[in-house]
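Asks: fold the following for me, if possible:
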Amino acid sequence: MVILNENIKNQVKEIFKELKDPVKLTVFTQKIECPSCKDNRRLMEEISSLSDKIDIDVFNFVIDKERAEHFNIDKIPATILSGVKDHGIRFFGIPGGYEFTISFTDWLLGIKPISIKTPLTGNIFSVSSSFEYIFMLSTLSLP
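Replies: Just a heads-up that it's a prediction; the model follows:
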């Protein structure tokens, strides 16, 4: 089953041409996958296939319990985004919709500090290079 259609894949490939450093996607799921676990793993596999600079490791949340604890993974599906260094970016759920187009692709483009601003409110979200963890929970079922 394909998660991203060809149009989206082509757009993401163009974005990923800007990748300067290697990126690692570390995915935690389990052998008998829940529907969102399966979709998340497939999405991450598709994303990693769109650039030779993106590598993916898939681990079983139950069997690889010590590894999950090391990375502070306590729920699934979970994806760790890391570059040369692990900056603590963790996605729980499927990064779909706005999470995929804004946060996920931006963080992949350098795994670097980010700031989100709006014309009305100014700086509403900012992360410096010294942050410890960012946990983003996402679900496609919320209104």
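Asks: all strands of this protein, in order?
Replies: According to DSSP state E, the chain carries its strands in the segments 23-29, 54-60, 78-82, 89-92, 114-118, 122-127, 134-137.
Asks: hey, where'd the helices end up in this structure?
Replies: 6-16, 35-48, 65-70, 98, 105-108 (DSSP state H).
Asks: and the ones you listed as CSV, adding mean pLDDT, distance to L81 and mean neighbour count?
Replies: C-beta: built from backbone N, CA, C; applies to glycine. Formatted as CSV, those follow (pLDDT from 0 to 100; distance: least, CB to CB, whole Å; neighbours: other CB atoms under 10 Å):
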stretch, mean pLDDT, distance to L81, mean neighbour count
helix 6-16, 86, 13, 14
helix 35-48, 90, 10, 19
helix 65-70, 94, 16, 12
helix 98, 62, 16, 10
helix 105-108, 63, 5, 19
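Asks: and those helices as a markdown table, adding distance to I89?
Replies: Shown next, in a markdown table, are these (distance: least, CB to CB, whole Å):
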| stretch | distance to I89 |
| --- | --- |
| helix 6-16 | 17 |
| helix 35-48 | 14 |
| helix 65-70 | 15 |
| helix 98 | 16 |
| helix 105-108 | 6 |
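Asks: closest one to D55 among those?
Replies: Of all the helices of the chain, it is helix 35-48 that lies closest to D55, at 6.5 Å by CB to CB.
Asks: the closest one - contacts with which helices or strands?
Replies: strand 23-29, strand 54-60 (3 or more CB pairs under 8 Å, 6 or more residues apart in numbering; DSSP states H and E).
Asks: can you do 10 Å?
Replies: helix 6-16, strand 23-29, strand 54-60, strand 78-82, strand 89-92 (3 or more CB pairs under 10 Å, 6 or more residues apart in numbering; DSSP states H and E).
Asks: what angle do the first one and strand 23-29 make?
Replies: Angular relation of helix 6-16 and strand 23-29 on a 0 to 180 degree scale: 130 degrees, by axes from the mean of the first three to the mean of the last three CA atoms, to 10 degrees.
Asks: CA atoms of helix 6-16 as PDB?
Replies: Taking C-alpha atoms only, helix 6-16 is exported to PDB below (Å, rounded to 0.1, in the frame of the first residue of the first chain):
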ATOM      1  CA  GLU A   6       3.200  10.500  -6.800                       C
ATOM      2  CA  ASN A   7       2.600  14.300  -6.700                       C
ATOM      3  CA  ILE A   8       3.500  14.400  -3.000                       C
ATOM      4  CA  LYS A   9       6.500  12.200  -3.500                       C
ATOM      5  CA  ASN A  10       7.800  14.500  -6.200                       C
ATOM      6  CA  GLN A  11       7.300  17.500  -4.000                       C
ATOM      7  CA  VAL A  12       9.100  15.800  -1.100                       C
ATOM      8  CA  LYS A  13      12.000  14.700  -3.400                       C
ATOM      9  CA  GLU A  14      12.500  18.400  -4.400                       C
ATOM     10  CA  ILE A  15      12.500  19.400  -0.700                       C
ATOM     11  CA  PHE A  16      15.000  16.600   0.200                       C
END
